[in-house]
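> I would like to see how this sequence folds:
(chains A and B)
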Amino acid sequence: MLAFIIRRMMQSAGVLLAVTLIAFVMFRFVGDPVNQMVGIDTPQAEVAKIRESLGLNDPVIVQYGRFVWKALHFEFGISYQFRQPVTKLLAERMPATLELAFTAAGFALVVGILMGVYSALRRDSVVAKVFEAVSLVGVSLPTFLIGILLIYLFAVILGWLPSNGRGQVVRIGSWWTTGFLTSSGLRSLILPAITLGLFQMTLIMRLVRAEMLEVLRTDYIKFARARGLTARAINFGHALKNTLIPVITIAGLQLGSIIAFAIITETVFNWPGMGILFLQAVQNVDIPIMAAYLVMIGLIFVVINLVVDLLYGLVDPRLRMTMRR
Amino acid sequence: MKRLMLAACAALALSSVSAQAVTLRYANQGDLKSLDPYTLNETTTNAHLGQVYEGLTARDQNLKIVPALAESWEVLDGAKRWRFHLRKGVKFHDGTPFTADDVLFSADRVRASGSNFTTRIPEGAKFVKIDDYTVDVQLTSPNPILIAQWDTWYIMSKKWAEAHNTVAPTPASATTPSYASLHEDGTGPFMIESHQPGVKTVFKVNPNWWHKREHNIDEIIFTPIPNAATRVAALLSGEVDVIEPVPVQDIPRVNASSTARVLAGPELRTIFLGYDQSRDELLESNVKGKNPFKDIRVRHAFNIAIDKEAIKRSVMRGLSTPSALMIAPSLFTYSKDFKNPKFDPAAAKKLLADAGYPNGFEVGMDCPNDRYVNDAQICQAVVGMLARIGVKVNLNAQPKAKYFAKVLKPGGYQTSFYLLGWTPGTFDSHNVLFDLHGCRSPGSPRGETNLGGYCNKKVDELTDKILVESDAKKRDLLIKQAFEITTSEYAYVPLHQQALSWGVAKNVDLPQRADNSVMLYWAHKK
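Predicted structure coming up:
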């Protein structure tokens, strides 16, 4: 088991190294950061000085080596745009993104399972058909469009919910800020969380529905019925429990993509998280932020995959055997 | 019960107080990245910091130079020496009184290495303190437009900078944030209460401002909203009071709403096309061994083959002012004397044939796609218009980060045909002639942004005369003479001045300055 973990961790490190290398090579094609840092009528001698002081004249491989060495010490340099340490900027923005991602995931899970169960049990009802239609919309419409539609409906036309920002936040501890404790914070969370979670929600709903239909056809459900158990005990005690295993796997793996894909939702709602920071960094060729963000997202994915792999081992004894090999 | 009542009364009293405090919420597509007023010379940043800091001079709503921290000034020795009488009784936000020492300090700081504003003060200028409220500026050569850009040369407190170890300007390449990039100590109408870069900046009114208050704002909350649709939605839903800019396609919708309207007007920035006239062979063309743009007939043909009115109509949705000059008409007295050449594709085709290109030629074009209003669309329209005279343009529309890296001097002027926009920082023709029309030469800042390498020694001579001529009327005539040469040689294809478009809530009055500076100390919120 230990050997398995060590092997997996080494693989993960390799993946991260590859991610950074690819990212670093791509940065060469984004443009020149210095032009974004000074006004257009800046004397060229000054521009050259800045290039030199940022180390942009060194060969790529030297710049990459320097970057990896620093990243190992959790140091990602200073943002070109904000002139502040990247680690600090990301830490400042992280609570916003994580709160949004977890709320969206929670929303997707709860609503998705409820809708899935309902549409499996009442396959032919009108409501189930409506759910089907909604799920089709959720799967096929792009996030930014859904976000803008929601903003126009609920913020501009109806005026019920705020269109952008995080509302009032409360500071907890030294660096965490939360919007959960104020009414404006909670109200601001609703639209972006729905936008971000909608795709996952429909995915979970469809998954639950399909699995549920499958399970309901199995023999042990038939026997349970024959024994005269209540419908409630059969549906929720036996059928749902057995459908949840794949759902949890998918939901876990999707958490990484929710955090990573928050970029678009954050931009549409001007949510002050890491995603919008990254997007602005791309526009301004802020390489330190881009690099740190990509490494972090890579890390999140790698960690989630690692945890899921290990959990499989715990859940399924057959897999534990292969791990030992 | 009594206590409850008391609490309710207190709450009521509190809420009525906060109802009286007027908060203006402002969203811009760009961010306020550094609070150090010498780090980034860019309109939006300068405007933001202009709520907090002040220069010796200021510009009013019509861009006229007016006294600010200097109460008055005298031009002596034929504009070789300037004497400034400083305003008395002005205090910085931390309470330190403003004196001549602060001016001398700021003059050193703004010229120090790392400042993006070194051009604010001519080389060799000496600042001499006569007494606590009088400063002389001794120049090496006469300069009648010395103070043209001083409205954005903000005066900083010497004592404050020294106390916080921030005497040197924060360079764009700074590796640690300086104190001055996160804090301020100006003399202006507002003070920064909190500043979280990229997220939110809160300004509070300065109760001790020396000037009579012309606004009724107690607090400004600034949020950068880079996404245009979100910005417009926030304005329409009433969550923000002022946004800049409103995308052209959203203007009718904002005007149709019950909550807001668009303030539009001609901006000072001129959008133009330029072509490489210096290389012997173009970098991106099928013409080998010679450069077609060296032939005046080809440049003439380009000038009359592009229909500026059509661009205004179909690309800019009516929101542009077609231009015959490389400077906005409001900045030059005689601009009325310059007329747009008549759009005439047939004559253009004939000119090309005379120049030896009866079937036209191929040329590559560089164009930014996220810098100016509808920049890439303008270029596409140009491609279509030139196709009609047989010139095949291979358009390369790219993000500004890539575009500027390619076409500007550090990139080696790697372009054959390009679109660019220019606002003279001094609001004066000299800047346009010097930066865009001056002959390039190594080691000199002259013509650094003259990407096509247009060069006429006579224009350079006139430009030098214009710099030192202190008689306004004579100076204007010299400028006119210079522009007559450049336009007759078709140095560029001026296209238009794009329009300003600010979204402003209906209950807010806000004067619009033509340089696109959103100055909230003139705002009134009902």
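> list the helices and strands the longest strand along chain B packs on?
Criterion DSSP state E: the longest strand present in chain B is strand B:260-275. Helices and strands touching strand B:260-275, by 3 or more C-beta pairs under 8 Å, 6 or more residues apart in numbering or on different chains; DSSP states H and E, are helix B:251-256, helix B:296-305, strand B:320-322, helix B:375-387, strand B:417-422, strand B:493-505. (Glycine included, C-beta is placed from N, CA and C.)
> if I've got this straight, A:Thr97 is in a helix?
Yes: using DSSP: H, G, I helix; E, B strand; the rest coil, the assignment for A:Thr97 is a helix.
> Contacts only, for it.
Shown in contact with A:Thr97 (C-beta atoms under 8 Å, 6 or more residues apart in numbering or on different chains): A:Ile259, A:Ala262, A:Glu266, A:Trp271, A:Gly273, A:Met274, A:Gly275.
> change it to 6 Å
Going by C-beta atoms under 6 Å, 6 or more residues apart in numbering or on different chains, A:Thr97 touches A:Ala262, A:Gly273, A:Met274.
> Looking at the first one now. What's its pLDDT?
The predicted local confidence for A:Ala262 comes out at a pLDDT of 88.
> Now that it has come up, it's in contact with A:Ile276, right?
No: at 8.7 Å, A:Ala262 does not count as touching A:Ile276 under the criterion of C-beta atoms under 6 Å.
> Mean pLDDT and mean neighbour count added to the helices and strands packed on strand B:260-275, as CSV?
Conversion of the helices and strands packed on strand B:260-275 to CSV gives the following (pLDDT from 0 to 100; neighbours: other C-beta atoms under 10 Å in any protein chain shown):
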stretch, mean pLDDT, mean neighbour count
helix B:251-256, 91, 15
helix B:296-305, 95, 22
strand B:320-322, 91, 20
helix B:375-387, 94, 19
strand B:417-422, 94, 24
strand B:493-505, 93, 23
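> out of those, nearest to chain A?
strand B:417-422 (8.1 Å; C-beta to the nearest C-beta).
> Tell me how far that closest one lies from the chain's centre.
Per C-alpha atoms, centre = their mean, to the nearest Å, the displacement of strand B:417-422 from the mean C-alpha position of its chain is 15 Å.
> Go ahead and name everything in contact with the helix or strand following that strand.
Per DSSP states H and E, the first helix or strand lying C-terminal to strand B:417-422 is helix B:429-437. Contact with helix B:429-437 is made by B:326-327, B:332, B:424, B:449-450, B:454, B:459, B:463, B:466-467, B:479, B:482, B:486, as judged by C-beta under 6 Å, 6+ apart.
> Next, the angle helix B:429-437 makes with the helix or strand following helix B:429-437.
Later in the chain than helix B:429-437, the nearest helix or strand by DSSP H and E is helix B:457-468. Interaxial angle, helix B:457-468 versus helix B:429-437 (axes from the mean of the first three to the mean of the last three C-alpha atoms, to 10 degrees): 150 degrees.
> So what's the residue count around B:Pro142?
If you count neighbours by other C-beta atoms under 10 Å in any protein chain shown, B:Pro142 ends up with 16.
> check contacts around it.
Neighbouring residues of B:Pro142 by C-beta under 6 Å, 6+ apart: B:Gly78, B:Ala79, B:Lys80, B:Val468.
> Could I have the PyMOL command that selects the buried members from those?
This is the PyMOL syntax for the buried subset of those, where burial follows 16 or more other C-beta atoms under 10 Å in any protein chain shown:
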select buried, chain B and resi 79+80
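> what is the mean pLDDT for the helix or strand hosting B:Gln481?
Assigned by DSSP H and E, B:Gln481 belongs to helix B:472-488. Per-region confidence: helix B:472-488 scores 94 on mean pLDDT.
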